[in-house]
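*Asks:* Quick one, fold the following:
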Amino acid sequence: MNASVLAFRQAGLDTLGVATTDIESLPEQEAALSEHLMRGTLPDLLIVTSVFAARALNRCIEHCPNRLRVSDLPVIAVGMATADCLTPVFKRVTMPQTQTSEGILALPALACANCQHIVIIKGEGGRDALRATLTARDKQVSTFCVYRRTMLERPVTTAGAQISEVSGIIATSEQLATQLLQHYPPHELRCLPWLTVSERVADSLRTQGVKDISVCAGASDSALIEWIKNNWE
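*Replies:* Okay, the predicted model is just below:
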């Protein structure tokens, strides 16, 4: 959160960061992932959905006896920060131009005939569209939820403005958007313009009463900043 807020402020945007969750590692799932990667038959592709998932994957193969084979697997990272975390360990890391689940699903690599067994490393309760869509495409999908987000009793905010003073909200995931509405008086937030990174998140917000919702084609700080400068300023 702090890194993103700094990027927005350096771009001249008065920004308040709000964290509604903390991250809890799930060692049992990490162990299961390690065991899966140590089997004789490796998956055809790895999908890693966040920096937290990338760190867990890197830990899994640190002492893996077939580390060289695993590190040669093709990996799709959802965004630049995730890719940067994986690049020191994996030789073939790519990322979608649109840094969302939809962007991943549009990649040609997933349509290749030799891409049948896919492993998804993610957080508990997130990115469910990936598994559902790939399974519908007759892919063999193994999912490992190596961490969970736990809702904070009180949100952690960066210094500066209060939530009552903001004029627009950026939410990059459905879960975080929902938690924000649960933490604060929803009538105060529903009347504000929102910016999300996919129609799926936008649709979820509409069901919760938010009316003014826009969708940015990218989920990176730079893409969101450019959209705001072009549309909200």
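*Asks:* CA atoms for contacts and neighbours, from now on please.
*Replies:* Fine.
*Asks:* What's the local residue count around Phe144?
*Replies:* Phe144: 21 surrounding residues under other CA atoms under 10 Å.
*Asks:* Could you look up the SS state of the nearest residue to it once chain neighbours are set aside?
*Replies:* Of all residues not flanking Phe144 in the chain, Ile121 sits nearest, at 5.1 Å (CA to CA, 6 or more residues apart in numbering). Secondary structure, DSSP: H, G, I helix; E, B strand; the rest coil: Ile121 is strand.
*Asks:* buried sites along the lengthiest strand in the chain?
*Replies:* Secondary structure of the chain read by DSSP state E shows that its longest strand is strand 140-157. Neighbour counts over strand 140-157 (16 or more other CA atoms under 10 Å) mark Gln140, Val141, Ser142, Thr143, Phe144, Cys145, Val146, Tyr147, Arg148, Arg149, Pro155, Thr157 as buried.
*Asks:* Which single one of these is nearest to Asp22?
*Replies:* Of all these, Arg149 has the smallest distance to Asp22: 5.6 Å, by CA to CA.
*Asks:* Contact partners for the nearest residue in space to the closest one that is not next to it in sequence?
*Replies:* Leaving aside its sequence neighbours, Arg149 sits nearest to Ile23 (CA to CA, 6+ apart; 4.8 Å). Applying CA atoms under 8 Å, 6 or more residues apart in numbering, we find Ile23 in contact with Tyr147, Arg148, Arg149, Thr150.
*Asks:* give me the beta-bridge partners of the residue lying closest to Ser25 once chain neighbours are set aside?
*Replies:* In this structure, Ser25 finds its nearest non-sequential neighbour in Tyr147, 4.2 Å apart by CA to CA, 6+ apart. Note on Tyr147: beta-bridge partners by DSSP bridges are Ser25, Gly123.
*Asks:* pretty sure Tyr147 contacts Glu28?
*Replies:* No - the pair Tyr147 and Glu28 fails to qualify as a contact (CA atoms under 8 Å) at a distance of 9.8 Å.
*Asks:* Averaged pLDDT, the longest strand of the chain. What do you get?
*Replies:* The average pLDDT within strand 140-157 is 92.
*Asks:* tell me which strands and helices that strand is in contact with?
*Replies:* strand 18-25, helix 27-37, helix 51-62, strand 117-123, helix 128-136, helix 174-183 (3 or more CA pairs under 8 Å, 6 or more residues apart in numbering; DSSP states H and E).
*Asks:* May I see the buried residues of the helix or strand where Ala3 lies?
*Replies:* Element membership for Ala3, per DSSP states H and E: helix 2-10. Neighbour-count burial for helix 2-10, with 16+ other CA under 10 Å as criterion, is recorded at Val5, Leu6, Phe8.
*Asks:* got it, and stretch 93-113?
*Replies:* In terms of neighbour count (16+ other CA under 10 Å), stretch 93-113 has its buried residues at 93-105, 107, 110.
*Asks:* same thing with stretch 174-189?
*Replies:* In stretch 174-189, counting by 16+ other CA under 10 Å, buried: Glu174, Gln175, Leu176, Ala177, Thr178, Gln179, Leu180, Leu181, Leu189.
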